[in-house]
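Peer 1: kindly generate the corresponding structure for this input.
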Amino acid sequence: MKQKDIVFTLATIAFFLAFILYRPLLETYRDFNLQHGMVTSFLKFAILATLGEVIGLRIKTGNYNSPGFGILPRALVWGVIGLTIQMAFIIFSTGTPVFLEYLGLSGSSGMLEQQGVTPGKVLVAFSISVAMNIIYAPVMMTTHKITDTHIENNGGTLKGLFSPLKMGEIMAGINWRVQWNFVFKKTIPLFWIPAHTITFLLPAEYRVLFAALLGIMLGVFLAVAAVLGKR
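Peer 2: Take a look at the predicted model:
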């Protein structure tokens, strides 16, 4: 491990420990999150998911930044994606239990609010995770791949981010075998569905924060996918 890795790791740990050890900061986060859920979702993904991409870049190239990588444009895109993730959490955590009740599993709508972990609560959380990851996640991951490529094609600048998006060309250039065989077929059932099952077992105010932390892993997965796509 190089010195820059030690500094990066210590800085990241210190950032998270500040929220754990300094209670007023944690209370401030909770209050702000309750009042401005969409704003905090934007900020959490802009910071944490971008952090994941930076780690992914380190895995690929040995550096935390490089010309044309575009940390700021990526953070902006992740912030917007974070808004859609918050929306997806609300839609699927509300709608899936209603659908389960329609199928005959009575009491599903209030299951996640129960104290402790029960088989019924795990079933509801798992069902929400499956629905969200099958319906929403592939669209989100593909959208991110498109914006990611757009940022790289325009030199990683904020101005380039807002240039016309060549959707057809980018979609034609995506390695769909890697996108399907690794990103969709492996990471969704083996990681994202179990991870988001845990997410929906958490209190509501912590779900999007935990999802944003998982965004660090998404950056790593995307880095692996990028390496596989070049083979």
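
Peer 1: after the longest helix seen in the chain comes which helix or strand?
Peer 2: Across the chain, the longest stretch assigned as helix under DSSP state H is helix 71-102. Scanning forward in sequence from helix 71-102 by DSSP states H and E, the next helix or strand is helix 119-135.

Peer 1: about what we covered before: name the helices or strands packed onto the longest helix of the chain?
Peer 2: Judged by 3 or more CB pairs under 8 Å, 6 or more residues apart in numbering; DSSP states H and E, the packing partners of helix 71-102 are helix 37-61, helix 119-135, helix 137-153, helix 158-161, helix 204-229. The C-beta positions use only the backbone N, C-alpha and C, and glycine is treated the same way.

Peer 1: among the ones you listed, which is nearest residue 194?
Peer 2: helix 119-135 (7.7 Å; CB to CB).

Peer 1: got the angle between that closest one and helix 137-153?
Peer 2: Inter-element angle recorded for helix 119-135 and helix 137-153: 40 degrees (by axes from the mean of the first three to the mean of the last three CA atoms, to 10 degrees).

Peer 1: pull the residues that contact helix 119-135.
Peer 2: Residues outside helix 119-135 that contact it (CB atoms under 8 Å, 6 or more residues apart in numbering): 88-89, 92-93, 95-97, 99-100, 105, 107-108, 111-112, 114, 188, 192-201.

Peer 1: narrow the residues you listed to just the buried residues.
Peer 2: Burial by neighbour count, 16 or more other CB atoms under 10 Å: within the contacts of helix 119-135 this picks out 88-89, 92-93, 96-97, 100, 105, 108, 111-112, 188, 192-193, 195-197, 199-201.

Peer 1: just to revisit the earlier point, would you turn the helices and strands packed on helix 71-102 into TSV with distance to residue 11, mean pLDDT and mean neighbour count?
Peer 2: Converted to TSV, these look like this (distance: least, CB to CB, whole Å; pLDDT from 0 to 100; neighbours: other CB atoms under 10 Å):
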stretch	distance to residue 11	mean pLDDT	mean neighbour count
helix 37-61	10	87	20
helix 119-135	31	96	19
helix 137-153	24	93	18
helix 158-161	24	94	14
helix 204-229	14	74	19
